[in-house]
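> can't give you the sequence, but here's the structure:
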């Protein structure tokens with residue numbers, strides 16, 4: 001019986017994957033970096049540090065600080081530094097699950113300051129019993145380490161947990177941690193390559209709620 005829901009953030013609860021992808025595509029060419037959309041999608045779900053390693057492999061002399069400074073300016077010009085929109089049904093599923101006695105964790109590759117700022121801006125941060133972020137020094141998804149930490153913090157067996165993700169890396173991490181896995185595709189579509197590690201594929205978070213509450 002599923003008693004805990006472990007959520008990714010970017011691309012699942014917040015429409016941030018799209019926003020960040022647009023920022024990279026907008027600023028990278030002016031900096032002399034070749035970061036095509038396919039490379040951006042490959043890095044969905046992993047930490048900033050792991051992403052920087054991939055970008056550097058394709059761009060000799062790559063400076064992550066230069067890219068992130070330009071991205072920050074681009075995001076600020078459009079108001080995304082203050083708030084990134086919540087994904088459909090994100091503001092409904094969390095209170096509904098809590099009303100039914102679920103324990104909830106946020107398990108994200110983003111940093112804690114970024115998580116606090118953007119999740120509080122859409123009033124979702126308060127629903128989580130545990131938060132595991134990408135700046136804790138844990139191995140990046142698809143390693144299960146972040147989900148294993150969250151499961152430990154919740155104090156609920158992995159078999160009674162559901163991991164909800166939008167990325168291939170996240171789904172593989174959740175499966176390796178021993179949890180049920182549910183994918184809600186965002187920028188990266190579901191692939192048959194995930195058939196052995198993904199238990200459910202949903203169109204949106206409302207379908208996820210139906211599964212978790214066995215409707």
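Nice, thanks for sending it over. In this text the structure is predicted, and so the values were computed from the model without any measurement. Residues are numbered from 1 along each chain as shown.

> CA atoms for contacts and neighbours, from now on please.
Will do.

> what's the longest helix in this protein?
Taking DSSP state H as the criterion, the chain has its longest helix at helix 64-77.

> Give the next helix or strand downstream of it.
Toward the C-terminal end, the helix or strand that comes next after helix 64-77 (DSSP states H and E) is helix 90-99.

> Show me what the following helix or strand past that following helix is packed up against.
Toward the C-terminal end, the helix or strand that comes next after helix 90-99 (DSSP H and E) is strand 103-107. If contacts are counted by 3 or more C-alpha pairs under 8 Å, 6 or more residues apart in numbering; DSSP states H and E, strand 103-107 sits against strand 4-7, helix 90-99, strand 130-132, helix 145-154.

> just those: most buried one?
Ranked by mean neighbour count, the helices and strands packed on strand 103-107 are led by strand 4-7 with a mean of 26 (mean count of other C-alpha atoms under 10 Å).

> Extract the residue ranges of this structure that are flagged as low pLDDT.
215 (pLDDT under 70).

> Show me the contact partners of stretch 14-24.
10-11, 35, 37, 40, 44, 67, 71, 74-75, 84-87, 90, 187 (C-alpha atoms under 8 Å, 6 or more residues apart in numbering).

> and residue 148, what does it touch?
residue 177.

> got it, and residue 58?
Counted by C-alpha under 8 Å, 6+ apart, residue 58 has contacts 34, 35.

> before we move on, back to that, want to try TSV for the helices and strands packed on strand 103-107, with distance to residue 161 as columns?
What follows is the helices and strands packed on strand 103-107, written out as TSV (distance: least, C-alpha to C-alpha, whole Å):
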stretch	distance to residue 161
strand 4-7	5
helix 90-99	13
strand 130-132	13
helix 145-154	8
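
> still on that earlier bit, return a ChimeraX selection command for the buried portion of the contacts of stretch 14-24.
Filtering those down to the buried ones (16 or more other C-alpha atoms under 10 Å) takes a single ChimeraX command:
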select :10,11,35,40,44,67,71,74,75,84,86,87,90,187
